[in-house]
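J.: Build the 3D model from these lines:
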Amino acid sequence: MEMIILLVVVAVLAFWLVAIYNQLVALKNRQENGFSQIEVQLKRRYDLIPNLVETAKAYMAHERETLEAVINARNDAAAGLAAAAGDPSNGAAIQELAGAEGILGSAMSRLNVVMEAYPDLKANQNMMQLTEELTSTENKVAFARQAFNDQVTEYNTYRSSFPPVMVAATFGHPTDAELLEFEDSAAIQAAPKVSF
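T.: Residues are numbered from 1 along each chain as shown. Below is the predicted model of the structure:
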């Protein structure tokens with residue numbers, strides 16, 4: 001009888017450990033899938049930026065420095081994305097991508113400010129279409145990033161809760177995953193101040 005009780009306890013413990021392992025794997029896979037959705041949208045944006053710069057070159061001959069800054073920032077962000085895509089659970093790679101995206105966002109903002117001085121450029125059909133596609137892609141990036149961060153939070157919460165925290169490292173989940181937060185997120189979320 002004691003042997004049966006011992007076997008039952010061992011079996012329950014084994015099933016419990018398997019359930020924790022399977023849940024950690026499922027949450028990790030959702031997180032990686034979430035990052036792949038961000039990757040798709042960021043690649044789309046990176047593909048649009050050179051077309052935008054080429055269209056702007058014809059009108060903005062004197063703004064070469066601004067255009068080069070956008071292209072350089074785009075290339076750095078694409079390199080950061082490639083590094084993060086190789087291992088989305090690498091916190092340093094996620095932070096590097098976030099930093100590169102912040103620099104790209106800043107360069108794009110400068111380009112938008114400079115474009116305001118060129119009404120013919122803003123009225124150009126190609127520029128309007130590219131701007132529309134870029135805006136749409138930015139929205140998709142924001143949604144994909146929010147979904148990824150939700151999945152990271154769910155993974156981190158489960159991984160850090162009891163009892164999974166006791167065995168997570170043993171199962172190959174030693175640390176929490178990193179949220180992907182772009183540097184300009186706080187500026188975007190801040191409400192504009194209006195004074196009359």
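
J.: where along this protein do the helices fall?
T.: Here the chain has its helices, by DSSP state H, at 2-57, 64-86, 91-115, 119-123, 125-160, 164-167, 185-189.

J.: looking at the ones you listed, which is closest to Asp176?
T.: helix 125-160 (4.4 Å; CB to CB). All C-beta spots, glycine's among them, are computed from the backbone N, C-alpha and C.

J.: Run a quick neighbour tally on Phe15.
T.: Phe15 sits with 10 neighbouring residues when counted by other CB atoms under 10 Å.

J.: where's it relative to Phe171, distance?
T.: Distance from Phe15 to Phe171, counting by CB to CB, to the nearest Å: 15 Å.

J.: next one: Phe35
T.: Counting by CB to CB - Phe35 and Phe171 are separated by 20 Å.

J.: okay, the two: which has more neighbours?
T.: Phe35 (26 against 16).

J.: Verify the stated contact: that one with Ala85.
T.: Yes: applying CB atoms under 8 Å, one finds Phe35 in contact with Ala85, separated by 7.1 Å.

J.: which secondary element of the protein has the worst mean pLDDT?
T.: Sorting the helices and strands of the chain by mean pLDDT, DSSP states H and E puts helix 185-189 at the bottom, at a mean of 41.
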